[in-house]
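Asker: this one's structure only:
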């Protein structure tokens, strides 16, 4: 959780309250969808796959309009992301604040998931409500400078974001 950064932590905390809102406000018909978001929050990949195979809507949204894919991306769950994409989850869906699954996975700090979303044709130039793209989020995280070790991690966090910047630019991000 330490590597989320302030923005990632805010997003993560916001997702937690969104799950709680979904549990209390979802209509009876949406119980399958609510269970999908709950399974993602619980990081229960087997339950997510089972629910999707049983017909849960892969484009389910919470009270903040975040999709199941955005939730999976925000927690680094690549198997869940793949399962949702296989069931035709809208890769470019935006939450109320304009964030997408690609932005969420950049905030989480996972180049592998960025690669998955780019390969699945995520629009790398979508802007959120603040006008930021996934590339802008990655560039903002290049501090400390490349090569700086961050205490508590066995890797260089700046290099992770540098990798994502390179990947996003190669995919046409501006």
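Answerer: Cool, got the structure. Keep in mind the model is a prediction, meaning the values are calculated, not measured.
Asker: Closest to the centroid, which residue in the protein?
Answerer: Residue closest to the average C-alpha location in the chain (Cα atoms, centre = their mean): residue 73, at 2.5 Å.
Asker: In this structure, where is pLDDT below threshold?
Answerer: 1-34, 143-158 (pLDDT under 70).
Asker: mind listing the helices for it?
Answerer: 5-25, 31-41, 45-53, 68-74, 78-86, 101-108, 111-119, 134-140, 157-170 (DSSP state H).
Asker: Throw the ones you listed into JSON lines and include distance to residue 60, thanks.
Answerer: Bear in mind the C-beta positions are built from the backbone N, C-alpha and C, glycine included. JSON lines is the format used below for the helices of the chain (distance: least, Cβ to Cβ, whole Å):
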{"stretch": "helix 5-25", "distance to residue 60": "9"}
{"stretch": "helix 31-41", "distance to residue 60": "4"}
{"stretch": "helix 45-53", "distance to residue 60": "10"}
{"stretch": "helix 68-74", "distance to residue 60": "5"}
{"stretch": "helix 78-86", "distance to residue 60": "9"}
{"stretch": "helix 101-108", "distance to residue 60": "13"}
{"stretch": "helix 111-119", "distance to residue 60": "18"}
{"stretch": "helix 134-140", "distance to residue 60": "22"}
{"stretch": "helix 157-170", "distance to residue 60": "27"}
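Asker: ok so, going back, contact partners for the residue nearest to the centre of the chain?
Answerer: Shown in contact with residue 73 (Cβ atoms under 8 Å, 6 or more residues apart in numbering): 81, 101, 102, 104, 105, 108, 113, 117.
Asker: can you tell me which of the helices of the chain comes nearest to residue 95?
Answerer: helix 68-74 (6.0 Å; Cβ to Cβ).
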